[in-house]
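Chemist: Fold the stuff below for me.
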Amino acid sequence: MPRRPRTHLDGQPLHIVQRGHNRDACFLIEEDYQAYLEWLAEALKTSACQLHAYVLMTNHVHLLITPDKAESVPKLLISLGRRYVQYFNRTHKRTGTLWDSRYKSSLIQAETYLLTCMRYIELNPVRAGMTDDPAHYRWSSYRSNGLGQASELVTPHPGYLELGQTDELRLAGYRHLFRAHLDDEAIDHIRLAFNQSLPLGDSRFHAAITKAIGEPREARPRGRPKGSVKAKLASEQNLLKFVKD
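Modeler: Below you'll find the model as predicted:
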C-alpha cells in the first residue's frame with residue numbers, strides 16, 4: 001500500500017516526528033542532546049523556520065515548527081540529520097543509518113489544536129514515566145513556554161501569545177493548561193494525524209487543505225463516534241476560555 005504524501009504549506013504549523021532506526025536510541029549521553037539542539041538552532045535560522053515546541057526523547061524527536069516556505073522543512077531535517085548522524089557515529093564508534101528513512105508530520109490548525117499539540121509534545125517524558133513534571137525534563141521546550149527560561153530555539157506562536165497580555169500572564173496561563181489531563185482521545189487524534197501524514201483540525205481546516213493541494217487530506221479514526229472530535233474541541237475551547245478569564 002503506497003504511503004501518503006506529506007503535506008507542508010507556507011506559514012502553517014507542522015508537527016514533525018522523527019524516530020531512531022528500528023526505534024533504537026538516538027541520544028545516549030548528555031552531549032548528544034546538546035549537540036542536536038545546537039545544530040537545530042543553526043538550522044532554524046538558515047531555513048527561516050520558527051520552532052514553537054520540541055522534545056528530545058531517547059529514541060525519537062518531536063518538533064512543532066512553522067516554516068516561512070514549505071520547501072524549507074525537508075531541507076532543515078536533512079541538513080540537521082546528516083550533521084547529527086556524522087557526530088553520533090563518530091562519537092559512539094558506529095556506522096550506518098541512525099534515523100528512520102521517512103519522518104512523519106501533520107499540519108496543525110492553530111486556533112483549535114496548537115496548544116493541545118504543544119502539551120502533547122512537552123508531556124512525552126511524563127507519559128513515558130521518565131518524570132512526573134515536565135519542568136523536570138531538560139530536553140524539551142516546557143521550561144521556555146511554561147517557566148520563561150530564555151531559549152534561542154523557541155519562538156512563541158501567536159496562539160501562545162494570546163494566553164495573556166504580559167509574559168507573566170502567558171506563563172501562568174500555559175502552566176494552567178497542564179493541570180488538566182490530556183485525554184486519550186486527543187492523544188489518539190494527534191498520533192493518527194502524524195502517523196498517516198494527515199492534517200489535525202476541524203472540517204473547515206480539512207476543506208482549506210483540500211483546496212490548497214487539490215486533493216483530500218482528512219483523518220478518519222476507525223470506530224470513533226461522529227461527535228467525538230467536536231466534543232474534544234469544545235472541551236479545549238472551554239479550558240482556554242477559563243485561562244484567559
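
Chemist: Convert the helix or strand that contains L64 to CSV, retaining C-alpha atoms only.
Modeler: Assigned by DSSP states H and E, L64 belongs to strand 60-67. Provided in CSV are the C-alpha atoms of strand 60-67 (Å, rounded to 0.1, in the frame of the first residue of the first chain):
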residue,chain,number,x,y,z
HIS,A,60,12.8,10.0,18.8
VAL,A,61,12.2,13.7,18.4
HIS,A,62,9.1,15.9,18.3
LEU,A,63,9.2,19.3,16.7
LEU,A,64,6.4,21.9,16.2
ILE,A,65,7.5,24.4,13.6
THR,A,66,6.1,27.0,11.2
PRO,A,67,8.1,27.4,8.0
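
Chemist: and that strand, average pLDDT?
Modeler: Mean pLDDT, strand 60-67: 98.

Chemist: Walk me through which strands that strand pairs with, and which way each runs.
Modeler: Sheet pairing of strand 60-67 (DSSP bridges) gives strand 14-19 (antiparallel), strand 49-56 (antiparallel).

Chemist: Name the residues of it that are buried.
Modeler: For strand 60-67, the buried set under the neighbour-count rule, 16 or more other CB atoms under 10 Å, comprises H60, V61, H62, L63, L64, I65, T66, P67. No exception for glycine: its C-beta is placed from N, CA and C like everyone else's.

Chemist: Now do the fourth one against T95, distance only.
Modeler: Just to be clear, that refers to L63. To T95, L63 is 26 Å away according to CB to CB, to the nearest Å.

Chemist: ditto for the fifth one
Modeler: For L64, the distance to T95 equals 32 Å [CB to CB].

Chemist: With that, I have no additional questions.
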